[in-house]
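>>> give me coordinates for this.
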Amino acid sequence: MPTISMPSHHDLQLIEQAEARYNHDFLAGATDATRTALGIHTARIGDGFATAVTADASGYWTKAMGLGFETPVNDALVLDTIDFFRRSGKDQGLFAIAPMVLPPDWERICAANGITAGPATAKFTSRVEALVPRPSAVAVRPLVPGDAPAWGRITREAFGMTDPDLTPLLATLLDDRHVRAFGVWDGDLLVGAAAVHLLGDVAALHTAGTLEPYRGRGIQSALLAARIEAAAAAGCRILSAETGAGTGPSSRNLARAGLVHLYDRVSWRWSA
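Alright, predicted model coming up:
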């Protein structure tokens, strides 16, 4: 997979912390009733963000991200994060730490705290000005809060997240002034959707999915083009995205749009 020369430390921090910020804000922006029902907990730890969702059996939403750029990753930071996970009622949690800020003694820290390597995420990026959205015959239009249940269905199918129900969180997300979300319909049926968080210099792509019968029809390419245009209109300088490491359809869509693979980032799993 083609890669590019590593951006500056400052831009790497912006890219990693944009992802951490939207993950945090997605959960922190929930209504009080939703936070209570799902057991949502959020915190700032070091220079990063930590989240936990008691009702999430998959463990996906219990993670610490954006660490290590201003506050070193060391024993104290790891123990603070584990304490947050425990206080949130979780006995597992993820550390998503960019490889260039892992400390030399990370292997020792992992061994001392029950942390093991999990799946890797591929980070993609590009300068927004270098991207030219590809023309598409697929019609795309913005999502509105009333589309949240249909978007929730797509998210459950695309990511295999059957529990908890993310619909209330997606509805709140669609009211966020930093978010632009788009969809593709077949008649009245929402068949594909995706969002972008506009966070200053960085536009962070996320929550893209297509219903299985409609895959391979250029829907995600059209949604990607709409989000590139939104990033340019907002004056963002950098576009970033994540997908599973490897050469799957999402990686190919990002590469075709002009984004380039930057690095793979391991999700390090803590277990009590």
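
>>> quick one: the helices in this structure?
9-28, 32-38, 75-87, 106-113, 148-159, 167-173, 219-233, 249-257 (DSSP state H).

>>> got the contact list for the fifth one?
It stands for helix 148-159. The contact list for helix 148-159 (CB atoms under 8 Å, 6 or more residues apart in numbering) reads 143, 161-162, 165-168, 170-171, 174, 181, 183, 189-193, 207-212. (Glycine included, C-beta is placed from N, CA and C.)

>>> at 6 Å what do you get?
Helix 148-159 is contacted from outside by 162, 166-167, 170-171, 190, 193, 209, using CB atoms under 6 Å, 6 or more residues apart in numbering.

>>> cool, the third one as well?
Residues external to helix 75-87 that are found in contact with it (CB under 6 Å, 6+ apart): 43, 45-46, 50, 52, 64, 93, 109, 113, 270.

>>> just the buried positions in that helix, please.
By neighbour count on 16 or more other CB atoms under 10 Å, the buried set for helix 75-87 is 77-78, 81-82, 84-85.

>>> same check, this time on the fifth one
For helix 148-159, a neighbour-count test (16+ other CB under 10 Å) marks 148, 150-156, 158 as buried.

>>> likewise the second one?
Neighbour counts over helix 32-38 (16+ other CB under 10 Å) mark 34-35, 38 as buried.

>>> picking that back up, got the contacts of helix 148-159 as JSON lines, with pLDDT, distance to residue 126 and neighbour count columns?
Shown next, in JSON lines, are the contacts of helix 148-159 (pLDDT from 0 to 100; distance: CB to CB, whole Å; neighbours: other CB atoms under 10 Å):
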{"residue": "162", "pLDDT": "73", "distance to residue 126": "33", "neighbour count": "10"}
{"residue": "166", "pLDDT": "85", "distance to residue 126": "28", "neighbour count": "23"}
{"residue": "167", "pLDDT": "90", "distance to residue 126": "32", "neighbour count": "17"}
{"residue": "170", "pLDDT": "92", "distance to residue 126": "26", "neighbour count": "24"}
{"residue": "171", "pLDDT": "92", "distance to residue 126": "30", "neighbour count": "20"}
{"residue": "190", "pLDDT": "97", "distance to residue 126": "28", "neighbour count": "18"}
{"residue": "193", "pLDDT": "97", "distance to residue 126": "22", "neighbour count": "30"}
{"residue": "209", "pLDDT": "94", "distance to residue 126": "22", "neighbour count": "22"}
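
>>> list the residues that contact residue 189.
Contact partners of residue 189, counting by CB under 6 Å, 6+ apart, are absent.

>>> one step back: Throw the buried residues of helix 75-87 into CSV and include distance to residue 13 and pLDDT, thanks.
Shown next, in CSV, are the buried residues of helix 75-87 (distance: CB to CB, whole Å; pLDDT from 0 to 100):
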residue, distance to residue 13, pLDDT
77, 16, 98
78, 19, 98
81, 18, 98
82, 23, 98
84, 21, 98
85, 23, 98
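
>>> need the max-distance pair from the residues you listed.
77 and 85 (13.0 Å; CB to CB).

>>> just the terminal-to-terminal distance for stretch 195-212.
From its first residue to its last, stretch 195-212 covers 19 Å (CA to CA, to the nearest Å).

>>> pLDDT of stretch 132-139, averaged?
In this model, stretch 132-139 carries a mean pLDDT of 89.

>>> would you mark the buried spots in that stretch?
Buried, per 16+ other CB under 10 Å, within stretch 132-139: 133, 136.

>>> neighbours around residue 31, how many?
12 (other CB atoms under 10 Å).

>>> now swap in residue 218 and tell me
By other CB under 10 Å, the residues close to residue 218 number 18.

>>> find the nearest non-adjacent residue to it, please.
residue 138 (5.4 Å; CB to CB, 6 or more residues apart in numbering).

>>> looks like the one you found contacts residue 223 (just checking).
No: with contact defined as CB atoms under 6 Å, residue 138 does not reach residue 223; the gap is 8.3 Å.
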